[in-house]
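> sequence plus the predicted model coming up.
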Amino acid sequence: MRTVTDDAPLLDDLMPWSVRSPRLGRDWVVAPDARSLKARWDTLVRAEGPERERLFRPTRARTPESSVSALPGQPTGTGRFSRESGPCPAPVRFGLGPFDEQWLIPDHRLLDAARPELWRVADEHQLFAVEQPGAAGDGAAGDGAAGDPGPALLVSAVLPDGRSPAGRSGRIRPLHRRPGGAEPNIAPGLADLLTARYRQEVTAEQILAWAVAAAGPVPGGCGVPLTADPRLWSSGAELGEQLLRIQLRGARGGDRPRLPGGRRPYVRAAVPPRPEALTYDPGEEALLLGTGRVSPVPAGAWDFTAGGVRVLDLWFARRTAPAEPGTLEALRPGGWLPEWNSELLELITVLALLAGLRCDQRELRRELASGPRIGRAELEAAGVLPVPAAARLPASVLDHHEEGPEGQFALV
């Protein structure tokens, strides 16, 4: 029986430049609130000698004596951290796994493998596509059924860590190879081929949107079946654009996600300072955070999984799980923060809207399975595949100097 991913090109072929997941090396450099990061930094720089080293948590890649270059685009120091006494660099938003935007101290001296090539192209024009390890099978991504790992492909406007809830590392694929939205990270010749086949202009953004709607797992990666039907391409790309707008949460000039009318969730009972458990009342469509209550919460939002883990459970645990005493991670809010209510309501909205489009994704995949497709043989005949080796390498993007270790200058 023919499946939707038979003969489908890999996302690795359609968006050939990818970067490995950043490796932070220490948990205290990221937090759900920026104030905790500043408190941790201040505590660390006040410590001296062995205490500073203990709090720092050295690894083979980073110690307080490591000498490294500046993180591209970030005005942070390059002197050895053992001599650091200044204020904390301004924390930046960072994607910690699927759907969880937290805060990060953007200091290269603290990050084991920051992947500078990603930071060089991270700007207001950039989007990052992240394959989800162990994504769902030929059914629609994120069906919510038991054992369903969730979507095959997610997109973020903030730099993501590219890891699954279980910590598995994935590949991060920027949409653009250069800052300013220049040079799309799309296989050379692909957009021209699709434009000719569909008799309508096909852009890099549309190719990414199509991939979000149609991608599924195949041996060796994430498969993106390409239809040969112009009508199906148009409807699938439009569906993908809807999915993208929801995932981007108002970034890149879009509207923030909202459920229609009276379906918008609200905090009906205040969340206590230390909610001990997160539960769901399906009859009342209510999310319970201890004695706190949020409703209405559609079942699709509660059931939504990524990497086989319920998204709301993981989001809640990362804000309430106890930290080891005496560590920098233990410097955290004393109770539930008001801004977390707003973040939770938006997350519920995002998950509910994505769940509401699953039927459309299933229908797209059914039509793909039975209709004509552009397979690997046609891409090879057109010269799109195999992808040139240069397309898999980062572009030379610098028109200025970057500060190297100990204030020296480096040009990459």
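Great, that's in hand. Residues are numbered from 1 along each chain as shown.

> just the strands from the stretch 51-200 of the chain, written as ranges.
For the stretch 51-200 of the chain, the strands defined by DSSP state E, counting those that start in this stretch cover 92-95, 101-104, 128-131, 153-156, 171-174, 176-178, 182-184.

> wait, which of those is closest to A381?
strand 182-184 (22.4 Å; CB to CB). The C-beta positions use only the backbone N, C-alpha and C, and glycine is treated the same way.

> gap between that closest one and the chain center?
Relative to its chain's centre, strand 182-184 lies at 20 Å (CA atoms, centre = their mean, to the nearest Å).

> correct me, but E205 touches L175?
Yes - here E205 reaches L175: they are 7.2 Å apart, a contact under CB atoms under 8 Å.

> for the strands of the stretch 51-200 of the chain, which one sits closest to F81?
strand 101-104 (16.1 Å).

> which elements pack onto the closest one?
For strand 101-104, the helices and strands in contact under the criterion 3 or more CB pairs under 8 Å, 6 or more residues apart in numbering; DSSP states H and E are strand 30-31, helix 34-46, strand 92-95.

> generate a markdown table for the ones you listed, with mean pLDDT, distance to P388 and mean neighbour count as supplementary columns.
Shown next, in a markdown table, are the helices and strands packed on strand 101-104 (pLDDT from 0 to 100; distance: least, CB to CB, whole Å; neighbours: other CB atoms under 10 Å):
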| stretch | mean pLDDT | distance to P388 | mean neighbour count |
| --- | --- | --- | --- |
| strand 30-31 | 98 | 36 | 24 |
| helix 34-46 | 98 | 42 | 18 |
| strand 92-95 | 98 | 30 | 19 |
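
> which one of those lies nearest to A317?
Among the helices and strands packed on strand 101-104, strand 30-31 comes nearest to A317, with 14.1 Å by CB to CB.

> out of the helices and strands packed on strand 101-104, flag the one nearest E124.
strand 92-95 (12.4 Å).

> let me see the contact set for the closest residue to P179 other than its chain neighbours.
Excluding its sequence neighbours, the residue lying closest to P179 (CB to CB, 6 or more residues apart in numbering) is D123, at 5.2 Å. Neighbouring residues of D123 by CB atoms under 8 Å, 6 or more residues apart in numbering: 73, 179-180.

> could I get the full set of helices for this protein?
11-14, 34-46, 49-56, 116-121, 190-198, 204-214, 230-248, 299-303, 311-320, 338-356, 358-370, 376-381 (DSSP state H).

> list the contacts of the last one.
Think helix 376-381. 7-9, 13, 190, 193, 385-386.

> quick one, domains of this structure?
11-258+359-410, 261-355 (automatic domain parsing).

> model confidence for the residue nearest to S169 when sequence neighbours are not counted, exactly?
The spatially closest residue to S169, leaving aside those adjacent along the chain, is S21, at 4.2 Å (CB to CB, 6+ apart). The model reports S21 with a pLDDT of 95.

> distance of S21 relative to D107?
18 Å (CB to CB, to the nearest Å).

> where does the prediction get shaky in the stretch 1-150 of the chain?
Under the criterion pLDDT under 70, the flagged ranges of the stretch 1-150 of the chain are 1-2, 133-149.

> again, only this time at 80
In the predicted model of the stretch 1-150 of the chain, residues 1-6, 133-149 satisfy pLDDT under 80.

> re the thing from before, TSV for the helices of the chain, including distance to P184?
Output for the helices of the chain, formatted as TSV (distance: least, CB to CB, whole Å):
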stretch	distance to P184
helix 11-14	11
helix 34-46	33
helix 49-56	40
helix 116-121	12
helix 190-198	8
helix 204-214	3
helix 230-248	15
helix 299-303	33
helix 311-320	30
helix 338-356	25
helix 358-370	23
helix 376-381	17
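
> out of these, which is closest to P272?
Of all the helices of the chain, helix 311-320 sits nearest to P272, with 10.7 Å by CB to CB.

> now the residue nearest to P179: phi and psi?
phi -150, psi -170 (degrees, to the nearest 10).

> nearest spatial neighbour of R263, skipping sequence neighbours?
The shortest distance from R263 to any non-neighbouring residue, by CB to CB, 6+ apart, is to P296 (6.1 Å).

> still on that earlier bit, distance to A390 added to the helices and strands packed on strand 101-104, as JSON lines?
Output for the helices and strands packed on strand 101-104, formatted as JSON lines (distance: least, CB to CB, whole Å):
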{"stretch": "strand 30-31", "distance to A390": "34"}
{"stretch": "helix 34-46", "distance to A390": "39"}
{"stretch": "strand 92-95", "distance to A390": "28"}
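
> quick one on the thing from earlier: wait, which of the helices of the chain is closest to R62?
So among those, helix 49-56 is nearest, using CB to CB, at 8.1 Å.

> other SSEs contacting the closest one?
So helix 49-56, by 3+ CB pairs under 8 Å, 6+ apart, packs with helix 34-46.

> which strands or helices does the helix it packs on pack on?
By 3+ CB pairs under 8 Å, 6+ apart, helix 34-46 packs against strand 30-31, helix 49-56, strand 101-104.

> starting at the chain centroid, how far to the shortest one?
Using CA atoms, centre = their mean, the mean C-alpha position of strand 30-31 is found 15 Å from that of the whole chain.

> rewinding a little: put together a markdown table for the domains of the chain, with distance to T3 on each row.
Shown next, in a markdown table, are the domains of the chain (distance: least, CB to CB, whole Å):
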| stretch | distance to T3 |
| --- | --- |
| domain 11-258+359-410 | 5 |
| domain 261-355 | 21 |
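
> low-confidence regions, the stretch 151-300 of the chain specifically.
Applying pLDDT under 80 to the stretch 151-300 of the chain flags the ranges 261-262.

> ok, now how distant is W17 from P230?
Distance, W17 to P230, by CB to CB: 28 Å.

> with neighbour numbers in mind, choose between these two.
Between W17 and P230, W17 has the larger neighbour count (other CB atoms under 10 Å), namely 23 against 13.
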